[in-house]
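Peer 1: prediction below, plus the sequence it came from.
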Amino acid sequence: MNERKGQGLIEYALLIALIAMVVLGAAFLLGRNLYTIFYGITEALQFGCGRVSAETFRSYAGEGSLSPGGPPTLSHRPAEGATTQGYWFCHKAMDIANDEGVPVRAVAAGVVRFAGWSDRGYGYMVVLDHGGYQSLYAHLKEQPSVTSGQSVPDGAVIGLMGNTGFSTGPHLHFEIRLGSELVDPSLYLP
């Protein structure tokens, strides 16, 4: 009878080791995607799943209108870096990560509708009106280098990538709105 003493402890230790290996394996395989999933869930619970983006655009740029020319064709990305989060129903934008201070550029010529601090978690941000669509650039490092009402040419530096507002690291939160609808920016960027 004494020989069987402790067998349960060994089995439990092996089971715990197996569970730890599965969890670590999943974290290794999913890598950054696991972070994105948890961040997305947190954002959805905290901000109402995409509602903040739509309300932010309306607050800072009005309702928007769709020009007869249709959707934009853009020749460059708003900033250099890796796409860390794409467009989905709770995140109606594209996140591009890089070091703080990387130049953020207008994706097309337009008029600045808003440039300054957003009280909705976007930190320093810029909204440009391009005539038939609008673009939004958020979490900039500091006060944008453009002002409301200013016309900016395609490719003009409008600010620097930062980590302001509700942000977990340096990145650009980039949105495009056609009319009153937020659309997937990756459909229009090269």
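Peer 2: Sure, I can see it.

Peer 1: what ranges does the chain have for its helices?
Peer 2: 7-30, 32-47, 51-61 (DSSP state H).

Peer 1: mean pLDDT for these: which is lowest?
Peer 2: Lowest mean pLDDT within those: helix 32-47, a mean of 54.

Peer 1: how is the protein carved up into domains?
Peer 2: Annotated domains of the chain cover 2-30, 49-187 [automatic domain parsing].

Peer 1: and those domains, which is most packed in?
Peer 2: Mean neighbour counts were taken over these using mean count of other CB atoms under 10 Å, and the top value, a mean of 18, falls to domain 49-187. Just so you know, the C-beta spots here come from the backbone N, C-alpha and C atoms, and that holds for glycine as well.

Peer 1: so how far is that one from its chain's centroid?
Peer 2: Centroid separation between domain 49-187 and its chain, computed with CA atoms, centre = their mean, to the nearest Å, is 10 Å.

Peer 1: so how far is D129 from D154?
Peer 2: 14 Å (CB to CB, to the nearest Å).

Peer 1: weakest of the domains of the chain in terms of mean pLDDT?
Peer 2: When mean pLDDT is averaged over each of the domains of the chain, domain 2-30 scores lowest at a mean of 66.

Peer 1: please tell me how far S180 sits from Y124.
Peer 2: In this structure, S180 lies at 25 Å from Y124, with CB to CB as the measure.

Peer 1: same deal with F166?
Peer 2: As for F166, its distance to Y124 is 13 Å (criterion: CB to CB).

Peer 1: equivalent analysis for G116, please.
Peer 2: Taking CB to CB as the measure, G116 and Y124 are separated by 7 Å.

Peer 1: what do those two both touch?
Peer 2: Q143, P144 (CB atoms under 8 Å, 6 or more residues apart in numbering).

Peer 1: G81 contacts F174, correct?
Peer 2: No: under the criterion of CB atoms under 8 Å, G81 is not in contact with F174, lying 10.6 Å apart.

Peer 1: between these two, what contacts are shared?
Peer 2: When CB under 8 Å, 6+ apart defines a contact, the residues bordering G81 and F174 alike are I96.

Peer 1: who's L182 bridged to?
Peer 2: Using DSSP bridges, the bridge partners assigned to L182 are R177.

Peer 1: correct me, but it touches E175?
Peer 2: Yes: here L182 lies in contact with E175, judged by CB under 8 Å, at a distance of 5.8 Å.

Peer 1: ok, now which ones touch the closest residue in space to P103 that isn't next to it in sequence?
Peer 2: Of all residues beyond its chain neighbours, the one nearest P103 is V157 (4.7 Å), with distances taken as CB to CB, 6 or more residues apart in numbering. Contact analysis of V157 by CB under 8 Å, 6+ apart lists P103, V104, R105, S145.
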